[in-house]
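*Asks:* Okay, predicted coordinates and the sequence, questions at the end:
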Amino acid sequence: MRESIPDLKGGKKIDISIRARMGSSRLPGKVLKEVNGRAMLEIMLERVRRSEYFDDLVVATSLESRDDAIVELCKKNAVRYFRGSEDDVLERVYLAHKELSSDIVVSICGDCPLTDPEIIDNVILSYLANEPCDYATNLYPKLYPKGMELEVFPFRILEHTEKHGKTPEDRECVTHFFRSRPDMFKHIYVAAPPNLTFPDLTVLLDEEDDLKLISEIIKNLYPKKNHFTCRDIIEFIKLNSSLLELNKNVKRKIIGNADTARRI
C-alpha cells in the first residue's frame, strides 16, 4: 500500500492542521503543560511529524496574546503556524488551509498529544482509497482509545462548510456541519483493529486528571521508545490497569450531539 501512495494522492496536497490554544476553561494552558521538561504540544508535533503521507503541517492558534507562547514553540520547532479567531474555529482552520493551498485536510485536535502517526496514515490511506469521498474518520465506531481521533476531508468541503455553516456548533466544531449530515456527504468510518481496540482508555487532555495519566504513559514509555505507538500504550495500560482510575471521572464536553467534538 505504501508504495502506491503517489498514485493514490494523484498530485493532491495533503496538509495536517492541529488546533491549539491556551484558553481552555478546564485546564488553562494545557497544550504547554510539561512532562519531563517537554510541552505536550511539542511531544505531539514530534509524533505527528512521523506520519508519512502529509505535505505540510500547521498549528492553527488564535490571535490572543496568551497564544504567543504557542507561536514561540512553533518557531522553536520549525513548524508553521496560523493565527485566527479564538471562537470561530471553523474560520480559523479554513483560513489556515486556504493559506497552505491544501487539497486534502487532516484535522487533529491539540488535546490529543499521544496521537499515533500510524493511525494518521491509516485514515489518510482509507480516505484516498475511497475517493471521491467527503469525510473519513476513526471517530466511529468508537473503538480506539479516546484521544487517537482524526478527520480527513477535501478542502472543497471545508470551503463549503465555511460558507454554509451558520450555527454555533458549526463554527465551534470544524466538522459538525458535514459530520451531522451523513445522508448528504459520503462518510468513511475506519474501525480499530482488534489490537488497537480499547474504548475504555481515554488519553485526551481535558483536565488535570488526564494530565496525570498521560504523564505516567510518557514517563514510562518515552525513555524506552520515543516513538511509542497506540499499541504500546494499550499494552502498558493493560499491565497497569489501576492507571485507568486516574481520569475515569472526567466529564467530557459535548458540542451538539457529538460527544467527541473538540473545540480547541
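*Replies:* Ah, there it is. Numbering: from 1, shown residues only.
*Asks:* pLDDT wise, what is residue 73 at?
*Replies:* pLDDT, residue 73: 98.
*Asks:* what's the answer for residue 178, then?
*Replies:* pLDDT recorded at residue 178 is 97.
*Asks:* where's it, which helix or strand?
*Replies:* helix 176-179 (DSSP states H and E).
*Asks:* Give me the contact list for that helix.
*Replies:* Here helix 176-179 makes contact (CB atoms under 8 Å, 6 or more residues apart in numbering) with 90, 134-135, 137, 139, 151, 153, 157, 160-161, 164-165, 167, 169-170, 184-185, 187, 255-256, 258, 261. For glycine as for every other residue, the C-beta is placed from the backbone atoms N, C-alpha and C.
*Asks:* in the stretch 101-250 of the chain, which spans are strands?
*Replies:* All strands of the stretch 101-250 of the chain, identified by DSSP state E, counting those that start in this stretch, fall at 104-109, 135-137, 151-154, 187-189.
*Asks:* Just name the most buried of those.
*Replies:* Across the strands of the stretch 101-250 of the chain, averaging neighbours per residue (mean count of other CB atoms under 10 Å) puts strand 104-109 on top, at a mean of 25.
*Asks:* quick one: strands adjacent to that strand?
*Replies:* Using DSSP bridges, strand 104-109 pairs in its sheet with strand 14-19 (parallel), strand 151-154 (antiparallel).
*Asks:* Make CSV out of those and add distance to residue 195 and mean pLDDT.
*Replies:* Formatted as CSV, those follow (distance: least, CB to CB, whole Å; pLDDT from 0 to 100):
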stretch, distance to residue 195, mean pLDDT
strand 14-19, 25, 98
strand 151-154, 22, 98
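*Asks:* all helices in the stretch 1-150 of the chain, in order from the N-terminus.
*Replies:* In the stretch 1-150 of the chain, the helices defined using DSSP state H, counting those that start in this stretch lie at 5-9, 40-48, 68-76, 89-100, 117-129.
*Asks:* Residue 62 is nearest to which of the ones you listed?
*Replies:* helix 89-100 (7.1 Å; CB to CB).
*Asks:* elements contacting the closest one?
*Replies:* The contact analysis (3 or more CB pairs under 8 Å, 6 or more residues apart in numbering; DSSP states H and E) places helix 89-100 against strand 14-19, strand 56-62, strand 80-84, strand 104-109, helix 155-164, helix 168-172.
*Asks:* who's in contact with the third one?
*Replies:* Defining contact as CB under 8 Å, 6+ apart, one finds that strand 80-84 is touched by 17, 56-63, 67, 70-71, 74-75, 91-92, 95-96, 99-100.
*Asks:* let's go with 7 Å and repeat that
*Replies:* For strand 80-84, contacts defined as CB atoms under 7 Å, 6 or more residues apart in numbering pick out 56-63, 71, 74, 91-92, 95-96, 99.
*Asks:* and if you look at stretch 106-113?
*Replies:* With contacts defined as CB under 7 Å, 6+ apart, stretch 106-113 is touched by 14-20, 30-31, 40-41, 43-44, 48, 54, 93, 115, 120, 124, 147-152, 174-175, 204-206, 214, 262, 264.
*Asks:* Pick out the shakiest of the helices of the stretch 1-150 of the chain, pLDDT-wise.
*Replies:* Averaging pLDDT over each of the helices of the stretch 1-150 of the chain puts helix 5-9 lowest, since it has a mean of 69.
*Asks:* Many thanks, have a good one.
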